[in-house]
Every structure is written in structure tokens, then in C-alpha cells.
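In: how would this look folded up:
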Amino acid sequence: MRSGRSECGFTLLEMMVAVLIVGLTVTTFFQLFGASLRLELRARGFDEVVVLGRQTFALLRARDIRKDEFPWSGEVENFSWSLRLEPVDVKPDADAVVDDEAVTLRWTSELYRLIFALQDVRRPGRHLRLVTYRQVKPGYFTDEFKEEHL
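Out: Alright, predicted model coming up:
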């Protein structure tokens with residue numbers, strides 16, 4: 001004989017487990033989606049800093065740094081920037097010789113490091129630091145320039 005109970009369909013417990021699994025999956029998906037949107041916005045902000053910084057630094061490097069009107073700091077859009085010049089010590093070892101005739105090596109140029117710093121005025125966490133090196137002949141920078149900017 002057949003009992004009055006049918007074996008077709010799902011029980012209430014099975015339905016609750018299925019709803020719980022779907023709910024956890026959807027919740028996880030939305031958390032990942034929200035986090036990816038935040039990361040994308042943050043990356044877009046860093047791209048803006050990098051592009052603006054490289055453009056500004058390229059414009060500054062194209063100018064003659066020895067001129068009195070050369071800007072050492074300033075503002076562009078919502079960013080403040082500054083430029084520093086530092087000498088790099090590249091003197092050879094005094095005992096360096098080329099061959100048996102004891103010829104000492106002499107550097108025929110000076111090396112300087114240009115450090116560009118860009119800071120977002122509104123958000124202090126957004127900043128950029130770019131460094132480049134410039135090789136110049138001795139005497140390129142006057143002593144007065146060196147005293148003022150080094």
C-alpha cells in the first residue's frame with residue numbers, strides 16, 4: 001500500500017539550505033563588486049597623479065634651470081610641487097690607474113640629481129616622487145647658483 005506522503009518535491013529544510021547558499025553567494029559577489037569599484041576609483045586617482053606629475057616634470061626639465069625665473073615650486077590644478085637639486089658624488093678612487101704608467105682617471109663632468117615631488121593638496125595620501133639625473137660639464141653651475149640651490 002501507498003502511504004499518503006509523496007516522495008516528489010523538496011522539503012522545507014532543503015529549500016532553506018538552498019536559499020542560504022544562494023544568499024551567501026550573492027552577498028560575496030556584491031562585496032567583491034564593491035571592492036573592485038573602490039580599487040578602480042583609487043587606481044584612476046593614482047593615474048591622474050602620475051600623468052600630471054610626469055607632464056609637469058617634463059616641462060621643467062625642458063627649461064634652463066640656471067635662469068633666475070626658473071620655478072623651484074608651484075601649484076598645478078589641485079597639486080603642489082617642488083623641485084630639488086642635489087649633487088651626486090662620483091669621484092673615482094684616488095688609486096685607480098689605467099695601466100702600468102700610473103695614469104689617474106679624471107671625471108670630466110659633474111652629476112646632479114633632480115628630485116620632483118608632487119602632493120595633492122586635498123588628499124595628502126596622493127603624492128608622487130620622480131628622480132632623474134643630469135650630467136653637466138664642470139662650471140655649468142656657478143658658485144652663486146650652487147650656494148643658493150644646493
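
In: So which elements touch the host helix or strand of Leu37?
Out: Assessed by DSSP states H and E, Leu37 sits inside helix 12-61. Here helix 12-61 touches strand 79-88, strand 110-120, strand 127-136, going by 3 or more C-beta pairs under 8 Å, 6 or more residues apart in numbering; DSSP states H and E. All C-beta spots, glycine's among them, are computed from the backbone N, C-alpha and C.

In: Let me know which of those is the nearest to Leu150.
Out: Among the helices and strands packed on helix 12-61, the nearest to Leu150 by C-beta to C-beta is strand 79-88 (6.0 Å).

In: In CSV, list the C-alpha atoms belonging to that closest one.
Out: Only the C-alpha atoms of strand 79-88 are listed here, as CSV (Å, rounded to 0.1, in the frame of the first residue of the first chain):
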residue,chain,number,x,y,z
PHE,A,79,48.6,69.8,-6.6
SER,A,80,51.6,71.5,-5.1
TRP,A,81,55.0,70.6,-6.4
SER,A,82,58.6,71.2,-5.6
LEU,A,83,62.0,70.6,-7.3
ARG,A,84,65.3,69.9,-5.5
LEU,A,85,68.8,69.7,-7.0
GLU,A,86,71.4,67.5,-5.2
PRO,A,87,75.0,66.8,-6.2
VAL,A,88,76.0,63.2,-6.7
